[in-house]
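Enquirer: one predicted model, sequence on top.
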Amino acid sequence: MQPEDLSRHHAPVTDLAAENAFEPTIGPAAAEKFDRDGFITCVPVLSGRQVARLQVELDEMMRPECAADGRFYEFHINESGDPDAVVFHALGAWRVSPAFHDLIFLPSLVNAAAALLGGPVRLWHDQIFVKPPRHGGVVAWHQDRSYWTRTWPAAHLTCWIALDDTTTENGCVNYVPGSHRWPLLPRGELAKGMDAVRELLTDKQIAAFRPVAAELPAGYANFHHSMTLHGSFENRSDRPRRGVVVNFIRDGVLSDSDEPLLEGVPVIPAGEKLQGRFFPLLGPA
Ligand SMILES: O=C(O)CCC(=O)C(=O)O
């Protein structure tokens, strides 16, 4: 029997939300900081029980045989053999795992995203990034927008949620405050490593390149603008560094491509709105 594709359900399928006491409000101070810096950090979004449920389902999805599961849009598990590569990176967990499915509907995330994007939000896609203990992997400096030019206008937001305590030592995400106001940098060059980005920056940008490490306790989140330059160093610790990402779009974002926007998803012709089974409307509640 084929496993169920949870993208058919545009409402929670478990009681995950019942275990959430958090309802972050994006007040004027947070909104101002987001506007000034291009990110906010240390927002409590998940309880310890929710984190534990997600960790259990994540272990299931990281089995190598899951690479053949067509419900994932992307599934990379140390394919390159490069010790600096991210060890596990997958898109589409919301279609596979009940807990990861219900994560994207949590009011604690959706209402914050709607406040920061200034209107109702849809799912663009999710992502999982795992760095096992002492096993890499660098995520080179980049702006998310450089991966998303096949959609328009730029009204996207990333919510990065820690499933472990994340620190400088185990490879937390770093941000360059104010870089969301910079132009779009070329993407390919950024994949060369954490120092390559300097070759692409103007003198003024180099002077303003003062990254901050966004250390987070498990269950806490960062929200960042799609133009904010960010990246993460390798995991040098004896602890795993697991993170789950929800990428939101404001309702009304259009396709700018006649190719599938995500692997295996039917084409949305250029100029048409992202909606339907793979881009559910999430809220605000
Ligand atoms: O998990 C990481 O280290 C990188 C995350 C990232 O690049 C993103 O959320 O856009």
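Expert: Sure, I can see it. Numbers count the residues shown, from 1 in each chain.
Enquirer: so what's residue 120 up against?
Expert: By CB atoms under 8 Å, 6 or more residues apart in numbering, the contact set of residue 120 is 114, 250-251, 281-284. In this view, the C-beta of every residue, glycine as well, is placed from N, C-alpha and C.
Enquirer: could you dump the residues you listed to JSON lines with neighbour count and secondary structure?
Expert: As requested, the contacts of residue 120 are exported to JSON lines (neighbours: other CB atoms under 10 Å; DSSP: H, G, I helix; E, B strand; the rest coil):
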{"residue": "114", "neighbour count": "22", "secondary structure": "helix"}
{"residue": "250", "neighbour count": "20", "secondary structure": "strand"}
{"residue": "251", "neighbour count": "19", "secondary structure": "coil"}
{"residue": "281", "neighbour count": "13", "secondary structure": "strand"}
{"residue": "282", "neighbour count": "24", "secondary structure": "strand"}
{"residue": "283", "neighbour count": "18", "secondary structure": "strand"}
{"residue": "284", "neighbour count": "13", "secondary structure": "coil"}
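Enquirer: so is stretch 166-173 next to the ligand?
Expert: Yes. Counting by CB under 6 Å from any ligand atom, the ligand is contacted by stretch 166-173 at residue 173.
Enquirer: which non-adjacent residue is nearest residue 88?
Expert: residue 130 (3.9 Å; CB to CB, 6 or more residues apart in numbering).
Enquirer: partners of the one you found in the sheet?
Expert: residue 88, residue 242 (DSSP bridges).
Enquirer: hmm, it is touching residue 242, no?
Expert: Yes. Counting by CB atoms under 8 Å, residue 242 is a contact partner of residue 130 at 4.9 Å.
Enquirer: give me the common contacts of those two.
Expert: Common neighbours of residue 130 and residue 242 (CB under 8 Å, 6+ apart) are residue 58.
Enquirer: contact residues of the stretch 151-285 of the chain facing the ligand?
Expert: So far as CB under 6 Å from any ligand atom goes, the stretch 151-285 of the chain lies against the ligand at 158, 160, 173, 230, 232, 243, 245.
Enquirer: thinking again about what came up before, now do the contacts for the residue nearest to residue 88.
Expert: So residue 130 contacts 58, 62, 86-89, 240-243 (CB under 8 Å, 6+ apart).
Enquirer: nearest to the ligand, of those residues?
Expert: residue 243 (4.6 Å; CB to the nearest ligand atom).
Enquirer: who are the neighbours in contact with that closest one?
Expert: 128-130, 160-163, 166, 173.
Enquirer: and it, how close does it get to residue 93?
Expert: 12 Å (CB to CB, to the nearest Å).
Enquirer: show me where the stretch 101-250 of the chain has its helices.
Expert: 107-117, 203-208 (DSSP state H, counting those that start in this stretch).
Enquirer: alpha carbons only: can I get the first one in PDB?
Expert: To tie it back to what came earlier, the one meant is helix 107-117. Coordinates of each C-alpha in helix 107-117 appear next as PDB, following Å, rounded to 0.1, in the frame of the first residue of the first chain:
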ATOM      1  CA  PRO A 107      -0.900  29.300  15.100                       C
ATOM      2  CA  SER A 108       2.400  30.100  17.000                       C
ATOM      3  CA  LEU A 109       4.200  30.200  13.600                       C
ATOM      4  CA  VAL A 110       1.400  31.200  11.200                       C
ATOM      5  CA  ASN A 111       0.200  34.200  13.100                       C
ATOM      6  CA  ALA A 112       3.800  35.500  13.500                       C
ATOM      7  CA  ALA A 113       4.400  35.000   9.800                       C
ATOM      8  CA  ALA A 114       1.200  36.800   8.800                       C
ATOM      9  CA  ALA A 115       2.200  39.700  11.100                       C
ATOM     10  CA  LEU A 116       5.700  40.000   9.500                       C
ATOM     11  CA  LEU A 117       4.500  39.500   5.900                       C
END
